[in-house]
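**Q** below are the sequence and a predicted model for it; my questions follow.
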Amino acid sequence: MLAVEKLLRLADAFVVTSGANPRQVRTISDEVERQLKLSGNGGPASVEGLDDARWVLMDYGDFVVHVFVEEARQFYDLEHLWGDAPTWAWDEAAEALVPAASAAVAP
């Protein structure tokens with residue numbers, strides 16, 4: 001996750017992930033939406049890119065989820081483009097977001 005709130009007024013954070021192919025990208029996007037609805041956050045304000053599923057953008061207001069096909073993720077390289085933004089990662093052991101540098105590596 002990129003914490004872009006101090007760099008960009010559109011959102012507080014970008015969540016960036018990828019799948020190996022368009023089918024996985026659609027599945028990841030569907031599951032993100034499902035889980036957020038289950039947690040009471042509702043659906044996205046808008047979704048773009050589901051037609052070809054190379055880059056799906058899901059706008060949740062405070063945060064934007066980007067789900068790429070790996071090739072498109074490398075090409076657009078949002079992590080580099082927004083390189084000044086602090087990065088956070090999911091720590092499985094802590095079940096929480098932590099600064100990327102302190103994220104535990106899963107065995």
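**A** Great, that's in hand.
**Q** residue closest to the middle of this protein?
**A** Of all residues in the chain, the one closest to the mean position by Cα atoms, centre = their mean is Val15, 2.3 Å from it.
**Q** quick one, phi/psi of the residue nearest to that residue when sequence neighbours are not counted?
**A** Using Cβ to Cβ, 6 or more residues apart in numbering and skipping the chain neighbours, the partner closest in space to Val15 is Val65 (4.6 Å). C-beta here means a position set from N, CA and C on the backbone, and glycine is covered the same way. The phi and psi values for Val65, taken as degrees, to the nearest 10, are phi -100, psi 130.
**Q** okay, Val65 and Ala93: tell me how far apart.
**A** 23 Å (Cβ to Cβ, to the nearest Å).
**Q** looking at those two, which has the bigger crowd around it?
**A** Ranked by neighbour count (other Cβ atoms under 10 Å), Val65 and Ala93 place Val65 first, with 23 against 10.
**Q** is it true that that one touches Gln35?
**A** No: counting by Cβ atoms under 8 Å, Val65 does not reach Gln35; the two are 10.8 Å apart.
**Q** mind listing the strands for this protein?
**A** Using DSSP state E, the strands of the chain run over 2-3, 13-19, 46-48, 55-59, 63-69, 88-91, 96-99.
**Q** and the fifth one, average pLDDT?
**A** This means strand 63-69. The average pLDDT within strand 63-69 is 94.
**Q** quick one: list the elements packing against that strand.
**A** strand 13-19, helix 22-38, strand 55-59 (3 or more Cβ pairs under 8 Å, 6 or more residues apart in numbering; DSSP states H and E).
**Q** now the angle from it to strand 55-59?
**A** Using axes from the mean of the first three to the mean of the last three Cα atoms, to 10 degrees, the inter-axis angle of strand 63-69 relative to strand 55-59 is 170 degrees.
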